[in-house]
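>>> Give the three-dimensional model of this entry:
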Amino acid sequence: MIVKEKYYEIVDEVLANDFKGKIAVDATLGKGNDTEKLLKAVGENGKVYAFDIQDDAIDFCQEKFKDVNNLEIFKTSHEYIDILESYDLVIYNLGYLPGSDKKIRTNAMSTVISLSKATKDINPCGILIIVSYMGHEGSEEERTGVERFLKSLDQKLFKVEKREFFNEINNPPIVYLVEKKL
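I've put the predicted structure just below:
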């Protein structure tokens, strides 16, 4: 299907490209759903790093991925993505952890700082996927910050695409795709 109905269909479309043996980052670990997709995309010879600040997310995913050898989880904000030197693929699923305290969430400042570092450190032809939700506290400021940052990227260095579910109600997410040019 060409036109997508759900954000994860866009993510799956991107991950269908060849990322075997590459390095991927899940900037917002949560329940590990994106991490699982990244692990499949990079294969056994690739590596996935994941970031989260919540003990519940970390504990859940350490158990979920206890038999996985090519995953490293950091209990820190995605703001510190620069602890990694380089990578080929990054996904941000912004907002809060479903079923948890909605006050613990991503925010404009740390997300824009992380995106600034990620666009600097991502390898040529690397991809960033940013999924932005509305409807929770701070979501409007975060989306505004993300869009302002992405619009500021030099078009000679980056391709940026914004995909939204235009006729859906109830605050559907917007998906931004960023590719670093050669």
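>>> tell me which element the residue sitting furthest away from the middle of the chain is part of?
For the chain, the C-alpha farthest from the mean C-alpha position belongs to Asn167; by CA atoms, centre = their mean, that distance is 24.0 Å. Assignment of secondary structure by DSSP states H and E places Asn167 within no helix or strand.
>>> What helices and strands are in contact with the strand ranked longest in the chain?
Among all segments of the chain classified by DSSP state E, the strand with the greatest residue count is strand 122-132. Strand 122-132 is packed against helix 7-15, strand 87-93, helix 108-121, helix 139-152, strand 174-180, with contacts defined by 3 or more CB pairs under 8 Å, 6 or more residues apart in numbering; DSSP states H and E. For the C-beta atoms, the positions are set from N, CA and C on the backbone; glycine is no exception.
>>> Neighbours of the spatially closest residue to Ile174 that is not a sequence neighbour, how many?
For Ile174, the nearest residue in space outside its immediate sequence neighbours is Glu164; the separation is 4.5 Å by CB to CB, 6 or more residues apart in numbering. Applying other CB atoms under 10 Å, we find 13 other residues in the vicinity of Glu164.
>>> Any figure for the gap between Glu164 and Ile91?
Applying CB to CB, to the nearest Å, one obtains 17 Å for the distance of Glu164 from Ile91.
>>> for Glu168, same thing?
As for Glu168, its distance to Ile91 is 21 Å (criterion: CB to CB).
>>> okay, these two: which has more neighbours?
Set side by side, Glu168 and Ile91 give different neighbour counts by other CB under 10 Å, the larger being at Ile91 (23 against 11).
>>> How much space separates the residue lying closest to Thr111 once chain neighbours are set aside from Leu115?
With sequence-adjacent residues excluded and distances taken as CB to CB, 6+ apart, Thr111 is closest to Glu142, at 5.8 Å. In this structure, Glu142 and Leu115 are 11 Å apart, going by CB to CB.
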